[in-house]
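In: Below are the sequence and a predicted model; questions follow.
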Amino acid sequence: MTIIVDQPQFENENGRHEEVTKNRAETELVLDGGFCIPHANSFGHNFRDYDVESERQQGVENFYRVNHINQTFDFVKKMRSEYEKLDKIEMSIWECCELLNQVVDESDPDLDEPQIEHLLQTAEAIRKDYPDQDWLHLTALIHDLGKVLLHPSFGELPQWAVVGDTFPVGCAFDESIVHKKYFLQNPDYNNSSYNTKYGVYSQNCGLDNVMMSWGHDDYMYLVAKENGTTLPSAGLFIIRYHSFYALHRSGAYKHLMNEEDVENLKWLQIFNKYDLYSKSKVRVDVEKVKPYYESLINKYFPAKLRW
Ligand SMILES: [Fe+2]
Ligand SMILES: [Fe+2]
């Protein structure tokens with residue numbers, strides 16, 4: 001899938017913005033799988049550039065301040081036990097996609113489009129490059145559905161408890177985590193049970209046994225697993241760890257991974273390029289692709305899911 005970014009503005013060394021007039025071949029980077037990475041997001045900045053001056057930058061930094069202070073081991077335990085009851089609502093995957101249309105992720109510096117656009121752009125881009133991996137297409141479609149936690153029917157959680165990068169709790173916060181300075185104010189930071197390399201975990205215990213900061217990733221993982229999905233473990237891995245940038249971008253926390261995690265991480269790294277770089281102003285024809293995704297939903301999920 002080729003994404004064309006409309007008239008992006010880049011900042012030069014002197015801090016001035018200059019319009020990019022290079023042709024498409026010069027502004028795209030081709031990766032394996034034939035996927036082209038545009039050099040700028042829909043605001044004309046580099047992807048995931050948290051330091052760039054933009055209207056959203058201040059809001060994103062404040063988001064991570066509140067997130068890092070409040071995501072504690074006890075908080076995650078409490079949220080997991082509340083949400084694994086799956087007693088909120090019954091609905092199909094597609095109904096959830098439509099519900100998610102009402103939600104905008106404030107932590108994302110790259111996007112201000114409705115979520116369903118992002119789900120379909122990601123899924124369609126992967127489908128083009130990996131046509132035989134239908135489980136991966138469906139994984140892409142559903143990976144962000146947990147953001148319904150922002151919706152009143154799901155408790156209307158604050159943004160810091162739903163979106164943004166995730167990280168393990170119960171062991172030391174890694175240096176590579178975005179805006180890590182705010183962990184100094186997290187009560188776990190000074191708790192000797194939780195602030196060592198292994199904390200409450202052991203070497204190669206497997207990420208399944210690690211508590212992650214609470215948000216849409218872990219919630220959707222619980223929903224898929226508890227509803228008995230037949231998606232392969234790589235699909236569940238992608239859902240649970242797609243916002244775990246310290247792992248899949250920086251290589252942190254590998255001492256907690258088991259052999260299956262190592263295999264699944266390869267798929268996550270493929271997936272992540274599409275999750276990140278297919279965000280654009282390009283629209284997908286929802287009605288046209290809907291029958292294909294409905295068939296995948298029927299294949300891998302029961303008709304109605306408990307949420
Ligand atoms: Fe996500
Ligand atoms: Fe996403």
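Out: That came through fine. Numbers count the residues shown, from 1 in each chain. Ligands and ions are numbered 1, 2, ... in the order given.

In: can you point me to the longest helix in the chain?
Out: Longest helix in the chain by number of residues (criterion: DSSP state H): helix 259-277.

In: pLDDT of that helix, averaged?
Out: When pLDDT is averaged over helix 259-277, the result is 95.

In: ok, it near ligand 2 or not?
Out: Yes. Applying CB under 5 Å from the ion, one finds helix 259-277 touching ligand 2 at residue 275. C-betas here are computed from N, CA, C, even on glycine.

In: Pull the residues that contact stretch 250-265.
Out: 168, 171, 174-177, 197-198, 201, 203-207, 210, 233-234, 237-238, 244, 246-248 (CB atoms under 8 Å, 6 or more residues apart in numbering).

In: again with stretch 195-214
Out: 67, 71, 73, 75-77, 79-80, 161, 166-172, 188-189, 193-194, 218, 237, 240-241, 244, 253, 255-258, 260-261.

In: out of these, which are buried?
Out: Of the members of these, the ones counted as buried by neighbours, 16 or more other CB atoms under 10 Å, are 67, 71, 73, 75-76, 79, 161, 166-172, 188-189, 194, 218, 237, 240-241, 244, 253, 256-257, 261.

In: Alpha carbons only: can I get the one helix or strand residue 60 maps to in CSV?
Out: Following DSSP states H and E, one finds residue 60 within helix 55-70. Provided in CSV are the C-alpha atoms of helix 55-70 (Å, rounded to 0.1, in the frame of the first residue of the first chain):
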residue,chain,number,x,y,z
GLU,A,55,0.0,21.9,19.3
ARG,A,56,-0.4,18.3,20.4
GLN,A,57,3.0,17.9,21.9
GLN,A,58,2.2,19.5,25.2
GLY,A,59,-1.0,17.4,25.5
VAL,A,60,0.9,14.2,24.7
GLU,A,61,3.6,14.9,27.3
ASN,A,62,1.0,15.7,29.9
PHE,A,63,-0.8,12.5,29.0
TYR,A,64,2.4,10.5,29.8
ARG,A,65,3.0,12.3,33.0
VAL,A,66,-0.4,11.2,34.4
ASN,A,67,0.0,7.8,32.9
HIS,A,68,3.4,7.1,34.4
ILE,A,69,2.4,8.3,37.8
ASN,A,70,-0.8,6.2,38.0
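
In: got a list of what residue 180 touches?
Out: 68, 173, 174.

In: tell me which of the residues you listed is nearest to ligand 2?
Out: Ligand 2 lies nearest to residue 68 out of those, by CB to the ion, at 20.6 Å.

In: Give the burial count for the closest residue to the closest one other than its chain neighbours, as a bare number.
Out: Leaving aside its chain neighbours, residue 68 sits nearest to residue 182 (3.8 Å; criterion: CB to CB, 6 or more residues apart in numbering). Here the number of neighbours of residue 182 (other CB atoms under 10 Å) works out to 20.

In: Find the residue closest to the spatially most central residue of the chain in space, skipping its chain neighbours.
Out: For the chain, the residue nearest the mean C-alpha position is residue 243 (3.9 Å; CA atoms, centre = their mean). Distance criterion CB to CB, 6+ apart; nearest residue to residue 243, sequence neighbours excluded, is residue 166 at 4.5 Å.

In: how much space is there between the residue of the stretch 151-300 of the chain found nearest ligand 2 and residue 263?
Out: Residue of the stretch 151-300 of the chain nearest ligand 2, by CB to the ion: residue 275 (4.4 Å). In this view, residue 275 and residue 263 are 19 Å apart by CB to CB, to the nearest Å.

In: now swap in residue 230 and tell me
Out: Going from residue 230 to residue 263 by CB to CB gives 18 Å.
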